[in-house]
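Undergrad: Predicted model and sequence follow; I will ask about them next.
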Amino acid sequence: MAFWALFRWPAGLRPSGAINAAITQTLNIVLTYCFLMYGGALTWSALSSNQPHPFLLVAGAGFWLLRSTLQPLLFSMRDRRSVGITIIFLVGFAMHAAGTMFLAG
């Protein structure tokens, strides 16, 4: 949700056109909802002593790996914030991959 303040949405999206601005904001809101629900599912599993379904962790690992791969392809890596967020994405991948291996082992 920090995109709204960081990139001054919706005013910063006006040059891309009304439809693109609406799509970008909608995708951001829906992705935030997915992260909250996904995080809630993992937290519920941890607090109820249930093991999460392995697919949930594999899907999470895949998401973070895909996102970290797209970062240098779509964004400049000259800014240290881009490098920092890429590292965060790789840590997210490692955490989910480790959880998957823990469940499988």
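TA: Thanks, I have it.

Undergrad: Can you give the distance of stretch 63-83 from its chain's centre?
TA: Centroid separation for stretch 63-83 versus its chain: 12 Å, with CA atoms, centre = their mean, to the nearest Å.

Undergrad: If you count neighbours, what's buried in it?
TA: For stretch 63-83, burial by neighbour count (16 or more other CB atoms under 10 Å) applies to 63-65, 67-68, 71. (Each C-beta comes from the backbone N, C-alpha and C, glycine too.)

Undergrad: Would you reformat these as TSV and include distance to Val83, pLDDT and secondary structure?
TA: TSV is the format used below for these (distance: CB to CB, whole Å; pLDDT from 0 to 100; DSSP: H, G, I helix; E, B strand; the rest coil):
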residue	distance to Val83	pLDDT	secondary structure
Phe63	20	91	helix
Trp64	16	93	helix
Leu65	17	94	helix
Arg67	14	91	helix
Ser68	11	93	helix
Gln71	9	89	helix
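
Undergrad: Low-confidence stretches in the protein?
TA: For the chain, the stretches flagged by pLDDT under 70 are 1.

Undergrad: now for the helix or strand where Val91 lies, which elements pack on it?
TA: Assigned by DSSP states H and E, Val91 belongs to helix 80-104. If contacts are counted by 3 or more CB pairs under 8 Å, 6 or more residues apart in numbering; DSSP states H and E, helix 80-104 sits against helix 54-74.

Undergrad: what's the helix it packs on packed up against?
TA: Using 3+ CB pairs under 8 Å, 6+ apart: helix 54-74 touches helix 18-47, helix 80-104.

Undergrad: what's the closest of those helices to Leu6?
TA: helix 80-104 (9.6 Å; CB to CB).

Undergrad: That closest one to helix 18-47, inter-axis angle?
TA: Going by axes from the mean of the first three to the mean of the last three CA atoms, to 10 degrees, helix 80-104 is angled at 40 degrees with respect to helix 18-47.

Undergrad: Quick one: residues contacting Tyr38.
TA: Shown in contact with Tyr38 (CB atoms under 8 Å, 6 or more residues apart in numbering): 56, 60.

Undergrad: how near is it to Ser16?
TA: Counting by CB to CB, to the nearest Å, the gap from Tyr38 to Ser16 is 28 Å.
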